[in-house]
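Visitor: just need the structure, nothing else, for what follows:
(one chain, ligands or ions: 2)
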Amino acid sequence: MKVQYLGHSVLMVETQGTRLILDPFIEGNPQCPVSVDELPKVDYVLVTHGHGDHIGNAVEISKRDGATVISNFEICNYLESKGVKTHPMHIGGKFSFEFGNVKLTPAFHGSSISDGNNVIYAGMPAGFLLESNGKKLYHAGDTGLTVEMQLLRDELIDVAFLPVGGNFVMDVSDAIRATSFIMPKKVVPIHYNTWDIIKADTEKFKTGVEHIKVECLIMKPGEWINV
Ligand code: NI
Ligand code: MN
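Guide: Ligands and ions are numbered 1, 2, ... in the order given. Sure, this is the predicted structure:
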């Protein structure tokens, strides 16, 4: 599994001949080094919750590429009304796709979609556990620290992408505690420094997680890793 960080909470994943994009906030994302036009063709678009900095360009990308959106039931209902092909799931549910398994995990946050003057209920926010080619990736979505994360320790996660920017989500010290709950092999901080309100000291995060013997990768937008 190859993973590219595209800033904020955006990940591009290539595995088993399939390309997935998670939380495709491309346009308006000051950290994203590529435009929607420059994105390669994707097969699946995964959306953790309805906020604009996560649903992002999901409609445009999935329509362009004929990609399937994997998200919660409510977001999928909304996207189907926009002509997007979807695979609805919900918290705790797991499904086997041709590239591997996807499971939705709990996230403590909000979830709504602003469509013109309407605010649409977008179900419970979620994280994703993605299992492919013998490796396991966790994208926490937007969340505060929750004890539910302790359940993830048994999953033996290879790489966890955790929000650390504070204000809307966990800050660095809570993300260190989350890492101690999950105990992944590697952890990557996300959802920080996109705007001033979510500035974070990732060196402090790195030091904190290394203290509990978890490897920290601070990825630059555009950078790839092999998982
Ligand atoms: Ni959010
Ligand atoms: Mn967010």
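
Visitor: the spatially closest residue to residue 47 that is not a sequence neighbour: neighbour count?
Guide: In this structure, residue 47 finds its nearest non-sequential neighbour in residue 71, 4.0 Å apart by Cβ to Cβ, 6 or more residues apart in numbering. Using the backbone N, CA and C atoms, a C-beta is placed for each residue, glycine as well. Using other Cβ atoms under 10 Å, residue 71 is surrounded by 31 other residues.

Visitor: quick check: residue 71 vs residue 88, distance?
Guide: 7 Å (Cβ to Cβ, to the nearest Å).

Visitor: get me the contact residues on this protein for ligand 2.
Guide: 53, 142 (Cβ under 5 Å from the ion).

Visitor: mind giving me the packing neighbours of the helix or strand hosting the residue nearest to residue 47?
Guide: Here residue 71, judged by DSSP states H and E, is contained in strand 68-72. In terms of contacts (3 or more Cβ pairs under 8 Å, 6 or more residues apart in numbering; DSSP states H and E), strand 68-72 is packed against strand 44-46, helix 58-65, helix 73-81, strand 86-89.

Visitor: average model confidence for it?
Guide: Throughout strand 68-72, pLDDT has a mean value of 98.

Visitor: CA-only coordinates of it in PDB, if you can.
Guide: What follows is strand 68-72, C-alpha atoms only, in PDB (Å, rounded to 0.1, in the frame of the first residue of the first chain):
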ATOM      1  CA  THR A  68     -17.700   5.200  -6.000                       C
ATOM      2  CA  VAL A  69     -18.000   7.200  -2.800                       C
ATOM      3  CA  ILE A  70     -17.800   5.200   0.500                       C
ATOM      4  CA  SER A  71     -19.300   7.100   3.400                       C
ATOM      5  CA  ASN A  72     -22.000   7.000   6.000                       C
END
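
Visitor: starting at the chain centroid, how far to it?
Guide: The chain centre lies 12 Å from the centre of strand 68-72; the measure is Cα atoms, centre = their mean, to the nearest Å.

Visitor: who touches that strand?
Guide: 43-49, 58, 62, 75-76, 79, 84-91, 97, 102, 104, 111, 122-124, 126 (Cβ atoms under 8 Å, 6 or more residues apart in numbering).

Visitor: make a ChimeraX selection of the buried ones in these.
Guide: In ChimeraX, a selection of the buried entries from the contacts of strand 68-72 looks like this (16 or more other Cβ atoms under 10 Å):
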select :43,44,45,46,47,48,49,58,62,75,76,79,84,86,88,89,91,97,102,104,111,122,123,124,126
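
Visitor: ok, back up a step: sheet partners, orientation included, of the strand holding residue 71?
Guide: strand 44-46 (parallel), strand 86-89 (parallel) (DSSP bridges).

Visitor: show me what the longest one is in contact with.
Guide: Strand 86-89 is contacted by residues 68-73, 76-77, 79-80, 95, 97, 102, 104 when judged by Cβ under 8 Å, 6+ apart.

Visitor: which two from the residues you listed end up farthest apart in space?
Guide: For these, the maximum inter-member distance is 20.0 Å, found between 77 and 97 (Cβ to Cβ).

Visitor: quick one: buried residues of stretch 164-182?
Guide: 164-166, 168-172, 174-176, 178-180, 182.

Visitor: what's the span of stretch 141-154 from first residue to last?
Guide: Chord length of stretch 141-154, first to last residue, is 19 Å (Cα to Cα, to the nearest Å).

Visitor: buried ones in it?
Guide: Those would be 141-143, 145-146, 149, 152, for stretch 141-154 by 16+ other Cβ under 10 Å.
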